[in-house]
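S.K.: Give me a 3D structure for the following:
(one chain, ligands or ions: 1)
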Amino acid sequence: MNVHETEKLYALFEFSGISQADGAEDADIIIFNTCCVREGAETRVIGNLGIIKKLKEKKPSLIVAVCGCMTQQQAVAEKLHKRCPFINIITGTYKLSRLPEMVKRIESGEKYIFDLELDLTVPCGINVAKRSDNVNNFVNIMYGCNNFCTYCIVPYVKGRERSRRKGDIIEEVRQLINGGCKEITLLGQNVNSYNDGDNDFYTLLNEISDIEGDFWIKFMTSHPKDLSDKVIDLIAEKDRLAHYIHLPLQSGSDRILALMNRKYDIAAYMKKIDRIKKKMPDAGLTSDIIVGFPTETEEDYLLTEKAVRQVQYNNLFTFIYSKRSGTPAAIMEGQVPEETKKERIARLISVQAEIANKKAAECIGKTYKVLCDSRDGKTLTGKTSDDRVIVFESEDKDLYNKFVNVKVTNVKNSKLYGKAVK
Ligand code: SF4
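M.R.: Numbers count the residues shown, from 1 in each chain. Predicted structure coming up:
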């Protein structure tokens, strides 16, 4: 999401006649588009601002802006201003499109802008973005989230769900495909609850999959409570919808899921997984898991391990629970000690590594349609419809942004290796 927001910022600045610098040393304007979903991202911003302070001392005309969801939090933004008074612009997630205008105001002599005002209008028309490559392009279909999972800061910093109009999204996708794009990832905090007032996610996906061209569509993120059977069946049916579903589980314990306010239990989650596997035996499944949520016991953790073994994901994104201030979980009793969290996550990673290796070995001898994403033509890499990375050999090196059939010949640490075949 943040990568794509930054692509849109690049395009907006280019419209204002401001181009991308080669690096921080050459820049006249430095912008941090921050994320606060994980504590680590916030810490990195603070660390990087220390380096920028030195640059600003050497070049006082340097304009420094911090925007995004970290600074959408009033208290964090105020603290940052006190700690780093050299920052010229502090704004949040709602005013990103106004940044070029704010920069002009600073250039005209204004010393400091602090603007966290909410703007809940849904942008109309096509999103302009300076996309970094043609292979995988992002298209926002909605913004915000209504779910209020108790560990998550997103609804507080990105607001309630707002969906873009279906017609705008279809036109943006069509333009990208006409421009040569082969893979589009539809983005939203909870894409399954897309609704522009007249159309739901099923209708949107169905119409996109009928656009002429050689491409495939992926999307993220799905919420298990909202992923409908209709959507699963559509993915199975339509060639242009990639057989890849990222379905965050977060925990295998019903007690923890309830405390997280996830609004599904393990039985409902497994029902969705069973339907996906039945309709698409070749589907690639991945998930997010949080380890060490407040009050998580060894038994709760073991239920997560059990669920992971049952689903057999291709890949897992595992996180140690970290407190996000302002969320209900941050003040829950029974915070789990750091050593316990670290020990559990290490175990989970090793369980998943074993599963991923086994699943990768099952690919040997099979042929996959792969979208090549390497430009240099030396080491050819690409991704399959089920979102696996594959390294392959081919006599034809000019394969960037082309679909190619690749037979898997070898596997190393769950990574696939193969050869292009006719
Ligand atoms: S659905 Fe996702 S974005 Fe929304 S509150 Fe839950 S974790 Fe956060």
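S.K.: what sits against the residue of the stretch 301-422 of the chain found nearest the ligand?
M.R.: The stretch 301-422 of the chain approaches the ligand most closely through Thr327 (9.1 Å), counting by C-beta to the nearest ligand atom. Where you see a C-beta, it was placed from the backbone N, CA and C, and this is true even at glycine. By C-beta atoms under 8 Å, 6 or more residues apart in numbering, the contact set of Thr327 is 150-153, 156.
S.K.: cool, and Lys272?
M.R.: 224, 227, 232, 247.
S.K.: swap in Ser287?
M.R.: 246-249, 308, 311, 313, 316-317.
S.K.: what about it, distance to the ligand?
M.R.: Ser287 sits 13 Å away from the ligand, going by C-beta to the nearest ligand atom, to the nearest Å.
S.K.: helix/strand/coil for that residue?
M.R.: strand (DSSP: H, G, I helix; E, B strand; the rest coil).
S.K.: What is the neighbour count of the closest residue to it other than its chain neighbours?
M.R.: Leaving aside its sequence neighbours, Ser287 sits nearest to Leu249 (C-beta to C-beta, 6 or more residues apart in numbering; 4.7 Å). For Leu249, the neighbour count with other C-beta atoms under 10 Å is 24.
S.K.: ok so, going back, so which of the contacts of Ser287 would you say is closest to Glu107?
M.R.: Taking C-beta to C-beta as the measure, Glu107 lies nearest Phe317 of the contacts of Ser287, at 40.7 Å.
S.K.: Need the per-residue pLDDT for the closest one.
M.R.: The model reports Phe317 with a pLDDT of 96.
S.K.: Touching, it and Thr286? I think so.
M.R.: Yes - taking contacts as C-beta atoms under 8 Å, Phe317 lies within contact range of Thr286: 7.0 Å.
S.K.: who has more neighbours, the two?
M.R.: Using other C-beta under 10 Å as the criterion, Phe317 and Thr286 rank with Thr286 on top: 19 against 13.
S.K.: Determine the set of other helices and strands touching the one helix or strand Lys53 maps to.
M.R.: Using DSSP states H and E, Lys53 maps to helix 39-58. Secondary-structure packing of helix 39-58 (3 or more C-beta pairs under 8 Å, 6 or more residues apart in numbering; DSSP states H and E): strand 29-34, strand 63-68.
S.K.: export it as PDB, just CAs?
M.R.: The C-alpha trace of helix 39-58 is given here as PDB (Å, rounded to 0.1, in the frame of the first residue of the first chain):
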ATOM      1  CA  GLU A  39       6.900  -0.700  15.500                       C
ATOM      2  CA  GLY A  40      10.000  -1.400  13.500                       C
ATOM      3  CA  ALA A  41       8.900   0.900  10.700                       C
ATOM      4  CA  GLU A  42       8.500   3.800  13.100                       C
ATOM      5  CA  THR A  43      11.900   3.200  14.600                       C
ATOM      6  CA  ARG A  44      13.500   3.300  11.200                       C
ATOM      7  CA  VAL A  45      12.000   6.700  10.400                       C
ATOM      8  CA  ILE A  46      13.400   8.100  13.700                       C
ATOM      9  CA  GLY A  47      16.800   6.600  12.800                       C
ATOM     10  CA  ASN A  48      16.800   8.000   9.300                       C
ATOM     11  CA  LEU A  49      15.700  11.500  10.500                       C
ATOM     12  CA  GLY A  50      19.000  11.700  12.400                       C
ATOM     13  CA  ILE A  51      20.900  11.300   9.200                       C
ATOM     14  CA  ILE A  52      18.700  13.900   7.400                       C
ATOM     15  CA  LYS A  53      19.300  16.400  10.200                       C
ATOM     16  CA  LYS A  54      23.000  16.400   9.400                       C
ATOM     17  CA  LEU A  55      22.200  16.900   5.700                       C
ATOM     18  CA  LYS A  56      19.900  19.800   6.600                       C
ATOM     19  CA  GLU A  57      22.700  21.400   8.700                       C
ATOM     20  CA  LYS A  58      24.900  21.300   5.500                       C
END
